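S.K.: Here you go, sequence then predicted model.
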Amino acid sequence: MAKYKIAEVQGKGDLNEFIRFPERLYRSCPQYVPPIRRNERLFLTKDAALEYCEQKLWLVRDSRKVVGRICAVINPRYNEFYGKKCCRFGWFDTIDDIQVARLLIETAEAWAKEKGMDTIHGPMFYNALGKQGMLVEGYENVPPYNCIYNYPYYNDLLERLGFEKECDWVQYKMVANHGVPEKARRLAWALTERYNLHFGSLDAMKKDPEKVRRFFRLYSDSFSASVYNFVPLTDAEIEQTAMMLSPYISDRTSCILEDENGETVAFGIAFPSRSEALQKAKGSLFPFGWYHLQRAKHNYVTADLITNGAVPKWQHKGISAVYYRELGDKALKCGMRWAISNPQIENSGAANIWNSYEREPYMRRRLYTKRIK
């Protein structure tokens, strides 16, 4: 029987092992999409959410190598917002061994209990905009760059350790080159005329830093009542989100809807898929990773529907039909064949919108929860 030891991540060497462990674990998995190591290092050490979140990282080793990792996070803003005492876990990866999984989870639980928490759930990021939800269906598919991929045995290990389902997110693969259904198109035109709406230019907006900040503040506000577990972003988180997403947003595949006064009403953000490029980059921008990612910006065969939404006062008015029509027309114009939806809570209005389109289930993700004893 293997003898495993768990230790907190200390120093650059441990952090590098923490970041690179999945590359070895998923070396023979054709679906896995490795993140850029530089970005992972930023998320783990300098993410804007770390201004208020508490975090601990651990590695499990056998006598020779790393066999598991976990990050435990306490988000006090989330706990205050929802009146809970929750610890979340993320960056959870392990070999198929219950001993390793138990060491990781029980260590995270013990730390959380010391901090006064009574529940642990995950996998999650610091906030609701990062990677979250363990894959439970769709293992044969390649995920969007901003989604978790994991082996099926992860779920078995967590369930053996007492975790239960908190919620599921679903994703669909849509046919993108058949256009928007005529009924939806008529509704979109009617709403456009009724509210005197028009589309602005994201490319023009990106030239004005203050307009970019304002857009991403509205971006945060639009999810406050509609995204599960969402907590409004801080100014620092908004700045970071804008910095990371802006280079990939363009009028070619995304849109911003405005009212007669030029105020933002809603938006739809879609990127050409980066998954294949990240697989080719193998975790690094150099020597050729940057080249693959640059080429991916102009490969419109498959797009990831990153996010969409309406500012609070425009929600529940059906205007999603307007920006979906626009996204559909843009998809036809740039020769797109497929679109992968962002994860959405099952049976929600956001997920049900895809029932009007040619689509098939693509992935299902699960948030697990457990009371700490």
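M.R.: Arrived safely, thanks for sending.

S.K.: all strands in the chain, in order from the N-terminus.
M.R.: 5-8, 54-61, 66-74, 86-94, 119-122, 134-137, 164-175, 198-199, 255-258, 264-272, 302-310, 338-340, 344-345, 359-371 (DSSP state E).

S.K.: Would you mind putting the ones you listed into JSON lines with mean pLDDT alongside?
M.R.: Shown next, in JSON lines, are the strands of the chain (pLDDT from 0 to 100):
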{"stretch": "strand 5-8", "mean pLDDT": "97"}
{"stretch": "strand 54-61", "mean pLDDT": "98"}
{"stretch": "strand 66-74", "mean pLDDT": "98"}
{"stretch": "strand 86-94", "mean pLDDT": "98"}
{"stretch": "strand 119-122", "mean pLDDT": "98"}
{"stretch": "strand 134-137", "mean pLDDT": "98"}
{"stretch": "strand 164-175", "mean pLDDT": "96"}
{"stretch": "strand 198-199", "mean pLDDT": "97"}
{"stretch": "strand 255-258", "mean pLDDT": "96"}
{"stretch": "strand 264-272", "mean pLDDT": "95"}
{"stretch": "strand 302-310", "mean pLDDT": "93"}
{"stretch": "strand 338-340", "mean pLDDT": "97"}
{"stretch": "strand 344-345", "mean pLDDT": "92"}
{"stretch": "strand 359-371", "mean pLDDT": "97"}
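
S.K.: Residue 15: which of those is closest?
M.R.: For the strands of the chain, proximity to residue 15 was assessed by Cβ to Cβ; strand 54-61 is nearest, at 7.5 Å. Yep, even glycine has a C-beta here, placed from its N, CA and C like the rest.

S.K.: what angle do the closest one and strand 66-74 make?
M.R.: Between strand 54-61 and strand 66-74, the angle comes out at 170 degrees (axes from the mean of the first three to the mean of the last three Cα atoms, to 10 degrees).

S.K.: State the distance from the closest residue in space to residue 65 that isn't next to it in sequence to residue 263.
M.R.: Leaving aside its chain neighbours, residue 65 sits nearest to residue 24 (8.0 Å; criterion: Cβ to Cβ, 6 or more residues apart in numbering). Note on residue 24: its distance to residue 263, by Cβ to Cβ, to the nearest Å, is 50 Å.

S.K.: how many other residues sit next to the closest residue in space to residue 367 that isn't next to it in sequence?
M.R.: Excluding the flanking residues, the one nearest residue 367 by Cβ to Cβ, 6+ apart is residue 166, at 4.4 Å. Per other Cβ atoms under 10 Å, the neighbour tally for residue 166 reads 16.
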